[in-house]
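Trainee: Predicted model, plus sequence, below.
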Amino acid sequence: MPLCRQQQVAGWLGASLLGLGAVLLLLGASIGSTGFESVLRAWSDPVAMQIVWDIRLPRTLGAWSAGALLGLAGAVAQGLFRNPLADPYLLGSASGASLGVALALVSFGVSPYATQWVVRLGLTGAAFVGAVGAVLLTLMLANGVQHTLRLLLAGVIVGVVLGAMTSLAMLMVPEVMQAMQAFMLGSTGFVGWTACALMGGVWGVCMVVAWLLSHVLDGLSLGESTAASLGLPLAPMRVALVAVLALATGTAVAQTGLIAFVGLAAPHLVRSIAKTTHGRLIFLSSLMGGALLMAADLLARGLLAPQELPVGVLTAVLGGGYLLWLMHCNTRTASGASL
């Protein structure tokens, strides 16, 4: 496909995703026990205004922000590791966040001193500290970012070990299991305007840094030696990209819990529609991730209304089904080519 045509497709995709996001935002403000009537009566009824403004809108915008962070992180991870199956949680951030929340919940029954610190930090802060700490541990075990394979293996090891420690904490204090279940299944129900502002600010910073370093990902896609021959300072730029990956993932997980497959599927969907450079790919993957999580949140709220499904479970089912379908299509294509 000619370069001009690729740019046009990427532009149309970006505009379509922005329009889809606006439509989903309107739907998100309309879905609830009182339906669309709350939106119509919002300007004249204080109760309806509170429902729309304080509950529905921040939840919907929070879903978009978390999905956008995960989509951005997924595109960075897949470009950094040169692996289309790379996931934002690859460096152990998900397991670290889970451990942070589990230890915070357990510490409520340990001592007043621990409880004071936990209250100040909060479960959201504990999740973020755990996610960043897991990434730092991965970097320490991998001796930096020079070798992506070592970094990948270290992330897998850290994820397994911290996941086992989380299970041990829940086994020793069974009272925390119910609270941990809500975090591990993922939910946007507790997102408020403060969380939206935080995620929006982090998304802006991560997007700017990732876009400035997108040429590094373009170079790495040609191979390590080729990227080095282009004169790119790979080591410091990899550190910056890992920092973007950790910050985006940690912020999203801290606010909404563990939401699977959004960061993995969003770049795949973008690449299946538009072949473009990493600069545009990161931005489009972010928009795609936001739209995916908003749509999943609407389905989670509406499928079994008035009950809600955990949005993380829904994204796992839909995302896993999409990847299985993709593998099936690739297998049929490969079989046809061999014949």
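Mentor: Perfect, I can see it now. Numbers count the residues shown, from 1 in each chain.
Trainee: Thr188: how many residues sit nearby?
Mentor: By other C-beta atoms under 10 Å, the residues close to Thr188 number 31. (C-beta placed from N, C-alpha, C; glycine too.)
Trainee: That one reaches Leu61, doesn't it?
Mentor: No - assessed by C-beta atoms under 8 Å, Thr188 is found out of contact with Leu61, at 9.7 Å.
Trainee: Let's see the pLDDT reported for Val39.
Mentor: Here, the pLDDT recorded for Val39 equals 54.
Trainee: how close does Gly62 get to Ser107?
Mentor: 27 Å (C-beta to C-beta, to the nearest Å).
Trainee: More neighbours: the two, which one.
Mentor: Just comparing Gly62 and Ser107: by other C-beta under 10 Å the higher neighbour count belongs to Gly62, 29 against 20.
Trainee: Could you look up the SS state of the residue nearest to that one when sequence neighbours are not counted?
Mentor: Of all residues not flanking Gly62 in the chain, Val191 sits nearest, at 3.1 Å (C-beta to C-beta, 6 or more residues apart in numbering). Here Val191 is coil, with the state taken from DSSP: H, G, I helix; E, B strand; the rest coil.
Trainee: was I right about Val191 contacting Pro58?
Mentor: Yes - counting by C-beta under 8 Å, Val191 does reach Pro58; the two are 5.7 Å apart.
Trainee: what about Ala29, which SS state?
Mentor: helix.
Trainee: Over to the nearest residue to it once chain neighbours are set aside. Which of the three states is it?
Mentor: Nearest residue to Ala29, sequence neighbours excluded (C-beta to C-beta, 6+ apart): Arg56, at 4.8 Å. Under three-state DSSP, the three-state class of Arg56 is helix.
Trainee: which parts of stretch 151-163 are buried?
Mentor: 151-152, 154-155, 158-159, 162-163 (16 or more other C-beta atoms under 10 Å).
Trainee: I figured the residue nearest to Ala29 was touching Leu26, is that so?
Mentor: No - using C-beta under 8 Å as the test, Arg56 is too far from Leu26 to be in contact (10.4 Å).
Trainee: Which one's more surrounded, those two?
Mentor: Set side by side, Arg56 and Leu26 show more neighbours around Arg56, with 22 against 12, by other C-beta under 10 Å.
Trainee: Tell me how far the more buried one lies from Leu309.
Mentor: Distance from Arg56 to Leu309, by C-beta to C-beta: 17 Å.
Trainee: same deal with Met207?
Mentor: Distance from Met207 to Leu309, by C-beta to C-beta: 30 Å.
Trainee: go on, Gly223?
Mentor: 43 Å.
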